[in-house]
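# The following block contains a protein sequence and its predicted model.
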Amino acid sequence: MTQSRLAQAMGVSEEHLGKMERGLRTLTQGNAARAAQALGTPLDEVLGRTPVDVRTEADLGELRAVIRRFDLPGERPRVDFRGILTRTKRIGGHVKSADLAALIDELPEFLTIATDHAHATGKPAAWEVVTLGYSAVYYLAARHRWMDLAELAVVRQKAAAERATPFAPVIAARDEAGAFLNSGDFPGGLAVVDRALVRAQAELSGRERTLAEGVLRLRGMTLAGRLRDRAEAERHITGARDAASAITEDVTDSGRMFGPQNTAVHVAATLADLGRYRESADTADELKRTKLSLPPTRVMNLFVDDSRTRLALKDRDGALMSLRLAFEAAPQKAKVHPTSQEVLRVLVELHRRSNPDLRKLANTMGLSF
């Protein structure tokens, strides 16, 4: 395929594509998806899958075995439901702090215990715990771009959600749409979001309905931004802001990650996806002037998206500062995140002088300087 044909298929100029190839411009996840579609290859092959060592491979093998046995319950676990809830909070803590190593280590045993207990009792609350467990599996897999594992996780999550509490299908739909997002099928993900919104509006009420709409709108705006559909993005941004105005502070429990600050993080990222970099930077600056109450994983997203925005505005120092703050907030997630990898790659290529902070980050990512 000629460069001209690929650029046309991606909707960018040949000059822009050439700069991305030479490391002078970041390859955004939206452009990566369009490249994957044009080349007929999976998105995770374009962005690169995170390699695993022998120990991690063994842990993942154990996790896959547990997932396969979803409908083959074992004996009822000796751990009571209170103990399972304690473990659920610990898993949630690993997600919030982006402790990916701890998730790989703990998820196989946790899912085994939680699923066996849910089969034994049949209680919706027990199945909601299983839903949250598979949400953590999806989060782990998506961060590393292990998309086969992510897609298997959302299938199991959806099955568990149908037996769980009324809010559980919202969490499952958010992650199912996320699997479409991470595979580059943005229209499919938007369809999942809209279907889930209709269901949530029909089955939920009060604060739960507001949270559901907010959670789903955040996913919707991200998908629309990657699709570069301004009207659809604005629809979801408006919906998310309306929902956030009814929530006094950000909620981060039991998969219900939504609130005013989280909405602002997503809006800034979506504006950058749409090429509205000055607006994105202003949104991020306004948020950074407040006292952040977000978990580290969301703080990391704020700064990593701000780093690509600063780079697009030709503010290399600002891009490096935001990238450094992203690594400080959640180092494990920042190390495997495709946007942080891309920004760092471009900064290394562009810099013509030694920079201790850049050299340190490059060494962390295994890039030569």
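Here it is on my side, so go on.

# Which parts of the stretch 251-369 of the chain are strands?
251-253, 256-258 (DSSP state E, counting those that start in this stretch).

# closest to Glu151 out of these?
Nearest of the strands of the stretch 251-369 of the chain to Glu151, taken as Cβ to Cβ: strand 256-258 at 21.2 Å. C-beta: built from backbone N, CA, C; applies to glycine.

# what does that closest one contact?
167, 171, 211, 214-215, 218, 243-244, 247, 250-251, 295, 298 (Cβ atoms under 8 Å, 6 or more residues apart in numbering).

# Tell me which residues touch Ala212, please.
Contacts of Ala212 (Cβ under 8 Å, 6+ apart): 167, 170, 196, 200, 204.

# Helices - which of the residues you listed land there?
170, 196, 200 (DSSP state H).

# which one is the second one nearest to, not counting chain neighbours?
The reference is to Ala196. Ala173 (3.4 Å; Cβ to Cβ, 6 or more residues apart in numbering).

# Test my guess that that neighbour contacts Ala191.
No. Counting by Cβ atoms under 8 Å, Ala173 stays clear of Ala191, with 10.7 Å between them.

# between those two, who's got more neighbours?
Per other Cβ atoms under 10 Å, whichever of Ala173 and Ala191 has more neighbours is Ala173, with 26 against 14.

# who does the one helix or strand that one maps to touch, helix- and strand-wise?
Ala173 belongs to helix 168-183 when assigned by DSSP states H and E. Counting contacts by 3 or more Cβ pairs under 8 Å, 6 or more residues apart in numbering; DSSP states H and E, helix 168-183 is packed against helix 43-47, helix 124-144, helix 147-161, helix 186-203, helix 206-227.

# swap the cut-off to 6 Å and go again
Applying 3 or more Cβ pairs under 6 Å, 6 or more residues apart in numbering; DSSP states H and E, one finds that helix 168-183 contacts helix 124-144, helix 147-161, helix 186-203, helix 206-227.

# TSV for the ones you listed, including distance to Glu106 and mean pLDDT?
Listed next are the helices and strands packed on helix 168-183 as TSV, based on distance: least, Cβ to Cβ, whole Å; pLDDT from 0 to 100:
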stretch	distance to Glu106	mean pLDDT
helix 124-144	9	95
helix 147-161	15	95
helix 186-203	28	97
helix 206-227	24	97
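
# Would you format those as JSON lines with distance to Arg78 included?
Shown next, in JSON lines, are the helices and strands packed on helix 168-183 (distance: least, Cβ to Cβ, whole Å):
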{"stretch": "helix 124-144", "distance to Arg78": "15"}
{"stretch": "helix 147-161", "distance to Arg78": "22"}
{"stretch": "helix 186-203", "distance to Arg78": "35"}
{"stretch": "helix 206-227", "distance to Arg78": "33"}
